[in-house]
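**Q** no sequence on hand, only this structure:
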């Protein structure tokens, strides 16, 4: 997902206060150029979706009494649209499985931004992020999966501990991996390490 990408986001919600609040948050998100559309009734949703294909449809699962997402997808065939449930009451999680993501009115702006970014991240985006790993970052991943501490990594690579920590933060951001176990799997799959190199740490 590139910075300042233009996004068509439809918000299907009967409450004007909640719709307005969601739109206010969306418009404040950095790195997004959002064109929101308010949809107050099931009838207006059908009219809108017949003519338009939003990038994202944010919808209250109780919209129109109960919103049948499976049926809606089948009828409208909007294969590129991502569906996000808008949660502000108690909902059975099993009924949210069809949705690509969910946001809560308790989520802060940063959380909503991260969820949208993740939702719109294509495989190509993920590959390009991984391709941007520097050689130094790959070396640090190798050290981490071998069970080395930040101090040991710093000594081996002739870096300060602060620099190692900064590299690790950048790695976590680029790969969206936040645990040594996750990095281990990534390193094996991408052939940064051999299995025998890390068997003692498993």
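**A** Structure's in. What do you need? The structure displayed is predicted, hence computed values, not measured ones.
**Q** what count of nearby residues applies to residue 187?
**A** Residue 187 is flanked by 22 other residues according to other Cβ atoms under 10 Å. (Each C-beta comes from the backbone N, C-alpha and C, glycine too.)
**Q** distance of it relative to residue 113?
**A** 29 Å (Cβ to Cβ, to the nearest Å).
**Q** ok, residue 183 next?
**A** Distance, residue 183 to residue 113, using Cβ to Cβ: 24 Å.
**Q** for the strand or helix carrying residue 112, which positions count as buried?
**A** Residue 112 belongs to helix 109-120 when elements are defined using DSSP states H and E. Using 16 or more other Cβ atoms under 10 Å as the test for burial, helix 109-120 gives 112-113, 115-117, 119-120.
**Q** can you pull up the most central residue in this structure?
**A** Nearest to the mean C-alpha position of the chain, by Cα atoms, centre = their mean, lies residue 118 at 1.8 Å.
**Q** which residues touch that one?
**A** Applying Cβ atoms under 8 Å, 6 or more residues apart in numbering to residue 118 gives the contacts 101, 176.
**Q** in the sheet, who's paired with residue 12?
**A** residue 39, residue 59 (DSSP bridges).
**Q** what pLDDT is listed against it?
**A** If you check residue 12, the pLDDT there is 96.
**Q** same thing with residue 186?
**A** Residue 186 is given a pLDDT of 86.
**Q** grab the nearest non-local neighbour of it.
**A** Spatial nearest neighbour of residue 186, excluding adjacent residues (Cβ to Cβ, 6 or more residues apart in numbering): residue 177 at 5.8 Å.
**Q** need phi/psi at residue 9.
**A** phi -120, psi 120 (degrees, to the nearest 10).
**Q** local confidence estimate at the residue nearest to the centre of the chain?
**A** Per-residue pLDDT puts residue 118 at 78.
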